[in-house]
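Chemist: my questions are about this predicted structure, shown below with the sequence.
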Amino acid sequence: MEKEKLPKDIISIAWILVLGALPSMLDTTIVNIAVNDFTKMFSTSFAVAQWVVTGYTLALGIAVPFSGWLMKKYDGKKIFMGALGLFLVASILCGLSWNMPSLIIFRVLQGFASGLIIPTLTALIVQTAGNENLGRLMSIVGIPIVFAPIIGPIIGGLILQYLSWNWLFFVNLPFGVVALLLMQWKLPKFEAIDKGAKMDWPGVLLLALISGMFILGVTEGRESYFRATSILAFSAGAVSLIAYLVYAWKKKNKALIPLALFKSKNFSAAFFSLFLAGFATNGPMLLLPMFFQNVRGLDVIASALWLIPQGIGMLIARPLVGKMTDKYGARLVVLPSIAITILGTLPFVFFDASTMQWVIWIVLFIRGIGIGGITVPVMSDAYVGLEKLLVPAASVATRIIQNIGAAFGSAMLATVVSSALSAKEATVSNIADAYHLGFITSLIFMMISILPSLFLTNKKAAN
């Protein structure tokens with residue numbers, strides 16, 4: 001009976017860590033609901049305003065290797081507190097932004113800080129719990145981690161309805177300040193593992209250039225396929241990609257993402273699946289609130305509440321996914337999940353201002369079940385058959401590519417919709433058609449994601 005109870009000091013440390021990470025968890029979705037308002041307040045296009053989301057998500061991915069390096073080199077308590085402090089400063093700056101470029105820059109800073117917080121949270125909880133308590137502790141602290149992205153849009157909607165947009169960012173401050181005080185008072189030190197750890201600076205720079213330039217190329221090409229900025233950005237991205245491949249080939253296993261990882265069929269399949277899944281699942285997350293507001297005419301609170309069925313679907317799928325992956329392998333979980341996601345996205349190609357609301361809610365619920373069954377099995381399958389030496393690099397690579405895929409998806413779909421909107425008169429029918437085109441684009445990439453998923457583990461065939 002004693003073994004069943006978690007020590008109180010371990011539980012309190014875990015909750016303090018979760019409280020510190022809560023603002024960054026909320027911020028992954030709290031701003032999505034406000035993109036429509038930003039386009040009006042700052043008199044800009046959807047394709048530009050989406051960088052508030054895309055820049056944040058892209059910075060999340062770029063920060064991942066920094067988190068691992070800092071955790072090895074310095075005290076984990078200081079890293080977590082420093083990252084949270086940076087996040088709060090960035091939140092203040094976001095709330096004080098005077099135009100769209102300043103808001104985008106500060107959101108990138110906020111995203112980078114958030115990208116340090118989440119992996120550090122996981123690492124510190126693992127160190128706190130130890131192997132014997134890890135499963136039970138993660139099941140407790142996992143509750144706010146799962147619920148935060150669902151609650152985020154609702155909080156964002158309430159803020160926009162009753163307060164100024166600045167409070168989307170200032171709302172982080174009370175939670176963050178209390179968490180910093182509790183950390184200073186209650187959190188133990190987490191000693192550095194390897195003070196001589198080195199950072200792969202050229203690798204990080206090249207990966208940032210690859211992802212940033214390709215996304216810039218997509219967004220800048222919305223008015224003309226031959227726009228000079230777009231061509232220049234795509235060229236810079238291609239050169240950076242070639243440079244990274246040469247660099248990684250020379251550095252071998254010391255590279256940030258070693259090319260040796262791609263010798264594993266499972267890792268290669270998971271890597272491309274994560275990119276496409278990020279694209280096809282996260283892109284529509286940006287479109288849905290915009291669709292509800294601009295086509296259905298809902299206010300921000302109602303559009304946030306309409307997203308709840310999708311969140312419930314994800315919650316229902318989550319506990320089943322792990323068990324099914326262990327039993328059947330990732331392939332037999334991911335392929336049906338993709339099919340369900342397609343089934344829950346396809347109707348949005350036909351939905352308009354007159355579609356019954358209960359139909360939309362059911363479709364969103366189905367979509368939530370589908371996307372809830374994709375990422376976890378794919379992430380776990382990336383490690384199957386890998387050499388132990390390559391496991392840390394695989395962890396970094398999968399987290400980076402997932403965020404890059406999400407950022408790329410948001411940018412691509414926003415560009416498609418924005419281009420369609422600018423080409424026609426702004427009637428309700430034309431606006432609906434523009435969003436339909438965005439959902440069609442996400443469906444194309446969702447169907448492409450079936451190909452790498454065919455190479456994931458199939459335990460049933462192995463038996």
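Modeler: Right, received. Where do you want to start?
Chemist: show me what the helix or strand where Leu364 lies is packed against.
Modeler: In the assignment (DSSP states H and E), Leu364 maps to helix 357-371. On a contact count with 3 or more Cβ pairs under 8 Å, 6 or more residues apart in numbering; DSSP states H and E, helix 357-371 meets helix 308-328, helix 331-345. The C-beta positions use only the backbone N, C-alpha and C, and glycine is treated the same way.
Chemist: most packed of those helices?
Modeler: Of the helices and strands packed on helix 357-371, the one with the most neighbours on average (mean count of other Cβ atoms under 10 Å) is helix 331-345, at a mean of 22.
Chemist: just want the angle from that helix to helix 308-328.
Modeler: Angle of helix 331-345 versus helix 308-328, following axes from the mean of the first three to the mean of the last three Cα atoms, to 10 degrees, is 160 degrees.
Chemist: report the angle between helix 331-345 and helix 357-371.
Modeler: Between helix 331-345 and helix 357-371, the angle comes out at 160 degrees (the same axes, to 10 degrees).
Chemist: list the contacts of the helix or strand following the helix holding Leu364.
Modeler: Sequence order places helix 375-381 as the next helix or strand after helix 357-371, per DSSP H and E. Defining contact as Cβ atoms under 8 Å, 6 or more residues apart in numbering, one finds that helix 375-381 is touched by 266, 269-270, 273-274, 277, 281, 318, 321-322, 324-325, 329-330, 333-334, 337, 398, 402, 453, 456-457.
Chemist: can we see that at 6 Å?
Modeler: Outside helix 375-381, the residues that touch it by Cβ atoms under 6 Å, 6 or more residues apart in numbering are 266, 270, 273-274, 321, 325, 330, 333-334, 398, 456-457.
Chemist: can you check stretch 299-315 too?
Modeler: Contacts of stretch 299-315 (Cβ under 6 Å, 6+ apart): 33, 150, 153-154, 157, 160-161, 289, 292-293, 361, 364-365, 367-369, 372.
Chemist: and the spatially closest residue to Met100 that is not a sequence neighbour, what pLDDT?
Modeler: Closest residue in space to Met100, ignoring its immediate chain neighbours: Phe42 at 4.3 Å, by Cβ to Cβ, 6 or more residues apart in numbering. Predicted confidence (pLDDT) for Phe42: 90.
Chemist: what's the local residue count around Phe42?
Modeler: Neighbour count of Phe42, defined by other Cβ atoms under 10 Å: 18.
Chemist: show me what counts as buried in the helix holding Leu364.
Modeler: Neighbour-count burial for helix 357-371, counted by 16 or more other Cβ atoms under 10 Å, picks out 360-361, 363-371.
Chemist: how near is Leu335 to Ser453?
Modeler: The gap separating Leu335 from Ser453 is 6 Å, by Cβ to Cβ, to the nearest Å.
Chemist: tell me the contacts of the most centrally placed residue in the chain?
Modeler: Note on the chain: the residue nearest the mean C-alpha position is Asn403, at 5.0 Å, using Cα atoms, centre = their mean. Contact analysis of Asn403 by Cβ under 6 Å, 6+ apart lists 57, 60-61.
Chemist: among the residues you listed, find me the one that's closest to Gly196.
Modeler: For the contacts of Asn403, the residue nearest Gly196 by Cβ to Cβ is Gly61; the value is 26.0 Å.
Chemist: right, and that closest one touches Ile404 too?
Modeler: Yes - contact criterion Cβ atoms under 6 Å: Gly61 and Ile404 qualify, at 5.0 Å.
Chemist: hey, what's in contact with both of those two?
Modeler: By Cβ under 6 Å, 6+ apart, Gly61 and Ile404 have no common neighbours.
Chemist: domain parsing for the protein?
Modeler: For the chain, automatic domain parsing gives the domain ranges 1-198, 201-255, 262-463.
Chemist: related to what we said a few turns ago, how about the residue nearest to the centre of the chain, secondary structure?
Modeler: Judged by DSSP: H, G, I helix; E, B strand; the rest coil, the three-state class of Asn403 is helix.
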